[in-house]
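[1] Sequence and predicted model, in that order:
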Amino acid sequence: MELNRDPAFWEAVIAHPDVGPNVTFGQEIDVAGLVQHPGVVPLASEHGGFVFVQLDALGRVWELHTAYRPEGWGREVLFAAKSAFTRMFADGADLITTHEVEGNWRSRPPKTFRFEPAGEFRQALGKHLRTWMLTRAAWEASPARQRME
């Protein structure tokens, strides 16, 4: 995983018909403004990546957004996620949140990472979303992290 603030890379990923609708929910996104913002950590691999958005003033709470073209689904996204979470927690994160879209199994975070649901599905942005959370302690004790060692 590498820090990638190039809007052209992210725009190309989001432009893919299997990615954009699941990432933007039909909303316009200022991709350049997002990935170049100092409170955002965009980490990329070959076919996509993870955009972490800082939610607190201390840099301890982050919201995760995932965008991968189909070529990166599977092994690439799994190994990239392990690398990204290791980096974010090593850099001071204590909590990472993300959202699952009801009916889109790819949006559910992997159980082996020890994400926990933070509530039930609720309507937001025209979708039914559920918030998931991952603490540093849960990540460090997770089967995914344990297998890395």
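    That came through, no problem.
[2] List the buried residues in the helix or strand of the chain with the lowest mean pLDDT.
    Lowest by mean pLDDT, DSSP states H and E among the helices and strands of the chain is helix 20-24, with a mean of 86. Buried residues in helix 20-24, counted by 16 or more other Cβ atoms under 10 Å: 20, 22-23. Glycine gets a C-beta too; all of them are placed from N, C-alpha and C.
[3] Which secondary structure element is home to Val51?
    strand 48-54 (DSSP states H and E).
[4] Now find how far off-centre that strand is within its chain.
    On the basis of Cα atoms, centre = their mean, to the nearest Å, strand 48-54 sits 5 Å off its chain's mean C-alpha point.
[5] Partner strands of the helix or strand just after it, with direction?
    As assigned by DSSP H and E, the chain's next helix or strand after strand 48-54 is strand 61-68. Sheet pairing of strand 61-68 (DSSP bridges) gives strand 48-54 (antiparallel), strand 95-101 (parallel).
[6] Can you add mean pLDDT, distance to Met148 and mean neighbour count and give those strands back as a markdown table?
    Formatted as a markdown table, these follow (pLDDT from 0 to 100; distance: least, Cβ to Cβ, whole Å; neighbours: other Cβ atoms under 10 Å):
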| stretch | mean pLDDT | distance to Met148 | mean neighbour count |
| --- | --- | --- | --- |
| strand 48-54 | 98 | 17 | 23 |
| strand 95-101 | 97 | 17 | 20 |
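[7] so which of those strands gets nearest Arg60?
    Comparing these against Arg60 with Cβ to Cβ, the closest turns out to be strand 95-101 (6.6 Å).
[8] Just the CA atoms of that closest one, as PDB, please.
    What follows is strand 95-101 as a C-alpha-only set of coordinates in PDB (Å, rounded to 0.1, in the frame of the first residue of the first chain):
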ATOM      1  CA  LEU A  95     -10.800   3.200  16.000                       C
ATOM      2  CA  ILE A  96     -11.800   2.700  12.400                       C
ATOM      3  CA  THR A  97     -15.400   2.700  11.200                       C
ATOM      4  CA  THR A  98     -16.900   1.700   7.900                       C
ATOM      5  CA  HIS A  99     -20.400   1.100   6.500                       C
ATOM      6  CA  GLU A 100     -22.100  -2.000   5.100                       C
ATOM      7  CA  VAL A 101     -24.800  -1.500   2.400                       C
END
